[in-house]
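Undergrad: quick check, what structure comes out for this input:
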Amino acid sequence: MTFLHSVYRLFATMSKPQVVFVLGGPGAGKGTQCSNIVSKFGFVHLSAGDLLRAECSKPNSTFGELINFHIKNGSIVPVEITCKLIQNAMETSAANQFLIDGFPRNKDNMNGWNNTIGDQVELLFVLFLDCPENICVERCIKRGAAGSGRADDNLEILKKRIVTFKNDSMPIIEYFKEKNLVKKVDAGKNVEDVWFDIIELFKNI
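TA: Presented below is the predicted three-dimensional model:
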């Protein structure tokens, strides 16, 4: 490889948006910790769930009814819709570093990402917030009781979401772990301790 070719490849890589996937079960604290990362490290937070809910609330949305069906059933929205919403959000942002929260959630998501956006970004790592199921349930029920306004913050849907996470999302985390791209944090601890661990992961980026 020539020197000029090496320089070209370096600049091509540097120009790509940098992405960190943030994965964890419902109630693992993804939103809370993403907000902390945004404040301290300047990343832009793109929540797949928030993007879907925002699209669902648009009066004339083509996908609103379908998205709402999947949210209420604790199932996964078709990847083409989710990828399109994420890509649009990235393209309209002036930032170059993104936290993509709650995605990819299954193999179909990952394949869709690879086929549409994957080669256009640099994946830094996957932040896995590993939280015990009982704590996840307790947090979500408490959040719902406090008036989160989320249709999925109730026990019936929550149980479905946890099963979906175990069956569909954990294999994705294992896939990235084999590529040495997973950074796991014990998310069952209190918020401040989890945040301290996350700072250690991000401060050298």
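Undergrad: can you name the residues bridging to the spatially most central residue of the chain?
TA: Nearest residue to the geometric centre of the chain (C-alpha atoms, centre = their mean): residue 101, 1.9 Å. Counting by DSSP bridges, residue 101 forms beta bridges with residue 22, residue 47.
Undergrad: so where's the longest strand in this protein?
TA: strand 122-130 (DSSP state E).
Undergrad: for that one, packing partners?
TA: Contact partners of strand 122-130 among helices and strands, from 3 or more C-beta pairs under 8 Å, 6 or more residues apart in numbering; DSSP states H and E: strand 18-24, helix 170-178, strand 182-186, helix 191-202. C-betas here are computed from N, CA, C, even on glycine.
Undergrad: just so I know, which of these lies nearest residue 129?
TA: Checking the helices and strands packed on strand 122-130 against residue 129 by C-beta to C-beta gives strand 18-24 as the closest, at 3.3 Å.
Undergrad: what's in contact with the closest one?
TA: Applying C-beta atoms under 8 Å, 6 or more residues apart in numbering, the external contacts of strand 18-24 come out as 30, 33-34, 43, 96-105, 121-131, 169, 172-173, 176, 187, 205.
Undergrad: can you show me the helices along the protein?
TA: 3-14, 30-41, 48-57, 64-73, 79-91, 107-116, 133-145, 155-164, 170-178, 191-202 (DSSP state H).
Undergrad: before we move on, the earlier item: please identify the most buried of the helices and strands packed on strand 122-130.
TA: Mean neighbours per residue, mean count of other C-beta atoms under 10 Å, is largest over the helices and strands packed on strand 122-130 for strand 18-24, with a mean of 23.
Undergrad: would you mind writing the CA trace of that one as PDB?
TA: Provided in PDB are the C-alpha atoms of strand 18-24 (Å, rounded to 0.1, in the frame of the first residue of the first chain):
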ATOM      1  CA  GLN A  18     -18.700   7.600  14.800                       C
ATOM      2  CA  VAL A  19     -21.300   5.400  16.400                       C
ATOM      3  CA  VAL A  20     -21.700   3.700  19.800                       C
ATOM      4  CA  PHE A  21     -24.600   1.200  20.000                       C
ATOM      5  CA  VAL A  22     -26.200   1.200  23.500                       C
ATOM      6  CA  LEU A  23     -28.000  -2.000  24.400                       C
ATOM      7  CA  GLY A  24     -29.600  -3.400  27.500                       C
END
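Undergrad: that strand: how far from the chain's middle?
TA: Per C-alpha atoms, centre = their mean, to the nearest Å, the displacement of strand 18-24 from the mean C-alpha position of its chain is 5 Å.
Undergrad: between helix 30-41 and it, find me the angle.
TA: 150 degrees (axes from the mean of the first three to the mean of the last three C-alpha atoms, to 10 degrees).
Undergrad: quick revisit: the residue nearest to the centre of the chain and residue 32 touch, don't they?
TA: No. Assessed by C-beta atoms under 8 Å, residue 101 is found out of contact with residue 32, at 10.6 Å.
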